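Student: okay, here's the prediction I keep looking at, along with the sequence it came from:
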Amino acid sequence: METKNIMIVGVGGQGSLLASKLLGRLLLDKGYDVKVSEVHGMSQRGGSVVTYVRFGDKVYSPIIDKGEADFIVSFELLEAARWTEYLKKDGRIVTNTQQVNPMPVITGAAAYPENLAEKMAAAGIDVDAFDALGLAEKAGSSKAVNIVLMGRLSRYFDIPESEWHAAIEKSVPAKFLEMNQKAFTLGRQA
Amino acid sequence: MKTLMLGNEAAARGLYEAGCAFVSSYPGTPSTEITETIAKYPEVYAEWAPNEKVAMESAFGACLAGKRSFCGMKHVGLNVAADPLFTISYTGVNAGMVIAVADDAGMHSSQNEQDSRHYARASKMPMLEPADSGEALEMAKLAYDLSEQFDTPVLLKMCTRIAHSQSVVEPGERITPPEKPYEKNGAKYIMMPGNAKRRHPVVEERTKALVAYAETSPLNRIEDGKDKSIGIITSSTSYQYVKEALGDTYPVLKLGMIWPMPEQKIRDFAASVEKLVVVEELDGFIENHCRELGLKAEGKNLFSCIDELNQNIVAEKLGKAPDVGVKLDDAIPARPPVMCAGCPHRGLFYTLNKLKLTVLGDIGCYTLGAVAPLAAIDTTICMGASVSGLHGFNKASGGEREGKTVAVIGDSTFMHSGVTGLINIAYNESNSTVIILDNSITGMTGHQQNPTTGYNLKGDPCTKIDLESLCRSVGIQRVRVVDPYNLKECEEAVKEELAAAEPSVIISRRPCALLKYVKHKAPLVANNDKCVGCKSCMKIGCPAISIVDGKAKIDNTLCVGCGVCQQMCKFDALEAPQA
């Protein structure tokens, strides 16, 4: 199988490492060669962060480059818009509609662009934008946005739901399992 | 069982499997997880040293005593440890010794993007360079065998994309390496001139033997290609980009041992293709070596020595330019890293900015104090440079300037190499004020213990170095502690210490807001009736505060109730929530 590419983008501290851990676990269990590239250090401090997940028969590069992403999963709307050049021609963006103002917007040096989801769609990008934060809160924690997004992403994969749940079980602490499973289901059904 | 591991975790696993028994390192992105991972094995003694020089010397002592030892660091850390590096190359080892150095091309979390491969050549020490996690594990193991076979420490060179990428590995079992009892051998281990003169030729002979090893070692392999018009020499993550972009179009010589290089193998490879192209990140290290061998090679004329490479760059230069996705017309505002809400550094940097001081900065999270609106830092060079730089700055400028200049340095960085600068301030008597930002942890690299925290790498309680006593004992009489959440106290302390006619230390003390044991207050609430929209609260650059429709608004998912913004508000508009 040709290598498939998933970019997970967001704001440092939003929990993208758990999402990539879950995907890595799932895809390895499916028998694929997998590479997951993470961000550590300075940019984790509230900066723009990106994690690359690649899988296929044989994966070489650990990173995803412009024009290569089959999916961009975004925790935040501006971050989805930041990385559109990385999307493949027939790729898809799955994004939370939550807005987190970056410092230049907070200080008034820049404006947060309006109607980004609509603009992406107008540019011909396949965008699935929804309120993942609302669903995470409904599941019991605003921190479950990562798992809600994975639930939504799972709709586009031909992988049985039970296998996703098995991967969640291996990736989250037991005391948060029920809440995360609920978050996944809410995301998948949304 | 196959599993996913970071390159750093896999390197740690390889060290463990090879019987590594002693680890001493200093944290630094992207090297930190090697040491954090190996520390989890109970069979391995592992510690954070105060700095990389101490770590390397400790690891050398351990290998002398007969244990396979390791130390890990980032590229700039190797600069600190360069002194022992060059001489333990002469002495060689007893049990095996491995030194990991992790470069950060692209400067994801670093102050420069130096190419550490030069150190292997300069110190005449072999260097292995893995291209994924599986190789990191295997090479870490092999490094010990090479170390003992060739009587030399071995460098294991990582980079951000190998260190922080997970790929598939298959862990094995730990072996028990042969006993290597210590034996006194002055001619080998006492590097005074008479002995060192006799060791240098040994080192040169060793390099020749290593070149011979490199010729036949499977570390350096040729992968055939269909089109012989180009032959590519590459290594590390660049190899992955070449394979990704070009598949098996051109033959590839993949070097796993980056120093010394296999001369005949490179010559033979060059002879088998029409044109030699070297694909490598940062400097033209392999390319220059090819030139020294009298071979024509292209490389840095195609691939920049600045920043990282990737598959698109390789495709563009050697294949066809890739199609990129759609770019939106809107300007997308940057999202630079920021000091966290509740960060104890914020109040202190606000004070320094308010007093319009010249601030010599250092390496850590607090480098973010340079960013607007705090914009309080004038310089950032390397670990410890704030303190020693301040001394020189004050000695050279004197007079009024002295009373308007300070150094800021974190607790871990102060222990790393700030204390020697402070000794210079005391000894050579500059009227300097040093501010130690004591957040009780090594923050930037992800919360590592250090000599001032009272805990060791294994998480056990241990001797806690008392900063106040340390500063006093080196001759600083004026040492005081302030709470950076208290702006008035900060301002008074800074003004008084700058006015004093002798050197002083201010310890700005409060634990990092991200530490699990720190109990936060409830998020504050902005009272719209009281807020006049003056934006005074925006001067502290807190990510939890923004102005919405002309009034302050607090993001309750971020705010930890530190109260610094309340001290900025003249209208008491930022309130603790009603109980």
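Tutor: Perfect, I can see it now. Numbers count the residues shown, from 1 in each chain, chains lettered A, B, ... in the order given.

Student: which element is B:Ile507 on?
Tutor: In the assignment (DSSP states H and E), B:Ile507 maps to strand B:504-509.

Student: checking the spatially most central residue of chain A next. Helix, strand or coil?
Tutor: The centroid of chain A falls nearest to A:Val73 when counting by CA atoms, centre = their mean (3.0 Å). In three-state terms, and counting by DSSP: H, G, I helix; E, B strand; the rest coil, A:Val73 is strand.

Student: give me the neighbour count for the nearest residue to B:Pro262 once chain neighbours are set aside.
Tutor: Of all residues not flanking B:Pro262 in the chain, B:Ala214 sits nearest, at 3.9 Å (CB to CB, 6 or more residues apart in numbering or on different chains). Every C-beta, even on glycine, is put in place using the N, C-alpha and C of the backbone. Using other CB atoms under 10 Å in any protein chain shown, the number of residues around B:Ala214 comes to 23.

Student: OK, contacts around B:Ala214?
Tutor: B:220, B:257, B:260-262, B:265 (CB atoms under 8 Å, 6 or more residues apart in numbering or on different chains).

Student: so B:His118 touches B:Asp283, yeah?
Tutor: Yes - look at B:His118 against B:Asp283 with CB atoms under 8 Å: they come within range, at 7.2 Å.

Student: only alpha carbons, please: show the least confident helix or strand in chain A by mean pLDDT as PDB.
Tutor: For chain A, counting by mean pLDDT, DSSP states H and E, helix A:103-106 ranks last in confidence among helices and strands (a mean of 89). Only the C-alpha atoms of helix A:103-106 are listed here, as PDB (Å, rounded to 0.1, in the frame of the first residue of the first chain):
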ATOM      1  CA  MET A 103      -0.400  36.300  21.000                       C
ATOM      2  CA  PRO A 104      -0.300  38.600  18.000                       C
ATOM      3  CA  VAL A 105      -4.100  38.600  18.000                       C
ATOM      4  CA  ILE A 106      -4.300  39.000  21.800                       C
END
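
Student: circling back to that earlier point, B:His118 and B:Asp283: which has the busier surroundings?
Tutor: Shown here are B:His118 and B:Asp283; by other CB under 10 Å, B:Asp283 has more neighbours (16 against 13).

Student: what residue, apart from its backbone neighbours, is nearest that one spatially?
Tutor: With CB to CB, 6+ apart as the criterion, B:Asp283 has its nearest non-adjacent residue at 4.3 Å, and that residue is B:Asp115.

Student: please apply the same query to B:Lys275.
Tutor: Nearest non-adjacent residue to B:Lys275, counting by CB to CB, 6+ apart: B:Ile230, 5.2 Å away.

Student: wait, that neighbour sits on B:Ser272?
Tutor: No - in this structure B:Ile230 lies outside contact range of B:Ser272 using CB under 8 Å: 11.3 Å.

Student: comparing those two, which residue is more hemmed in?
Tutor: B:Ile230 (18 against 14).

Student: and that one, how far from A:Leu22?
Tutor: Taking CB to CB, to the nearest Å as the measure, B:Ile230 falls 41 Å from A:Leu22.

Student: ok, and the closest non-adjacent residue to A:Lys143?
Tutor: Closest residue to A:Lys143 apart from its sequence neighbours, by CB to CB, 6+ apart: A:Gly15 at 6.2 Å.

Student: helix, strand, or coil at the residue of chain B found nearest chain A?
Tutor: With CB to the nearest CB, the shortest gap between chain B and chain A falls at B:Ser109, namely 2.9 Å. Recorded secondary structure, B:Ser109: coil (three-state DSSP).

Student: over to B:Arg472?
Tutor: Following three-state DSSP, B:Arg472 is assigned to helix.

Student: distance of it relative to B:Asp466?
Tutor: 9 Å.

Student: who's more crowded, these two?
Tutor: B:Arg472 (15 against 12).

Student: which ones are touching the closest residue to B:His447 other than its chain neighbours?
Tutor: Nearest non-adjacent residue to B:His447, counting by CB to CB, 6+ apart: B:Ile441, 5.2 Å away. For B:Ile441, the contacting residues are B:411-412, B:447-450, B:453, B:511-512, B:515, by CB under 8 Å, 6+ apart.

Student: now do B:Val371
Tutor: A:103, B:336, B:338, B:541.

Student: out of the helices and strands in chain B, which is least certain?
Tutor: When each helix and strand of chain B is scored by mean pLDDT, DSSP H and E, helix B:399-402 comes last, with a mean of 82.

Student: which intervals of chain A have sub-threshold pLDDT?
Tutor: Per-residue confidence for chain A (pLDDT under 70) gives these ranges: A:41-44.

Student: quick one: the helices in it?
Tutor: Ranges of helices in chain A, per DSSP state H, are A:16-29, A:77-82, A:103-106, A:116-122, A:132-139, A:145-154, A:161-171, A:177-189.

Student: tell me the most buried of those helices?
Tutor: For these, the largest average neighbour count (mean count of other CB atoms under 10 Å in any protein chain shown) is found in helix A:145-154, namely a mean of 27.

Student: quick one: that one to chain centroid distance?
Tutor: Relative to the chain's own centre, helix A:145-154 is displaced by 7 Å; criterion: CA atoms, centre = their mean, to the nearest Å.

Student: quick check: angle from it to helix A:161-171?
Tutor: 160 degrees (axes from the mean of the first three to the mean of the last three CA atoms, to 10 degrees).

Student: list the helices and strands helix A:145-154 packs on?
Tutor: helix A:16-29, strand A:69-74, strand A:87-96, helix A:132-139, helix A:161-171, helix A:177-189 (3 or more CB pairs under 8 Å, 6 or more residues apart in numbering or on different chains; DSSP states H and E).

Student: try 10 Å this time
Tutor: strand A:4-11, helix A:16-29, strand A:69-74, strand A:87-96, strand A:126-130, helix A:132-139, helix A:161-171, helix A:177-189 (3 or more CB pairs under 10 Å, 6 or more residues apart in numbering or on different chains; DSSP states H and E).

Student: and the third one, how far from the chain's centre?
Tutor: In other words, strand A:69-74. 7 Å.

Student: doesn't A:Glu68 make contact with A:Ser61?
Tutor: Yes - counting by CB atoms under 10 Å, A:Ser61 does reach A:Glu68; the two are 9.1 Å apart.

Student: for those two, work out which one has more neighbours and name it.
Tutor: Each of A:Ser61 and A:Glu68 has its neighbours counted (other CB under 10 Å); A:Ser61 has more, 29 against 26.

Student: skipping its backbone neighbours, what lies nearest that one in space?
Tutor: Nearest to A:Ser61 is B:Glu244, by CB to CB, 6+ apart, at 3.9 Å.

Student: which residues touch that neighbour?
Tutor: Counting by CB atoms under 10 Å, 6 or more residues apart in numbering or on different chains, B:Glu244 makes contact with A:3, A:54, A:59-63, A:65, A:68, B:310-312, B:314-315.

Student: so which of those sit within strands?
Tutor: Counted as lying in strands by DSSP state E, out of the contacts of B:Glu244, are A:Arg54.

Student: any chance of the contacts of B:Glu244 in TSV, plus distance to A:Ser171?
Tutor: Converted to TSV, these look like this (distance: CB to CB, whole Å):
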residue	distance to A:Ser171
A:Thr3	22
A:Arg54	18
A:Val59	20
A:Tyr60	26
A:Ser61	24
A:Pro62	20
A:Ile63	22
A:Asp65	27
A:Glu68	25
B:Asn310	28
B:Gln311	29
B:Asn312	31
B:Val314	34
B:Ala315	34
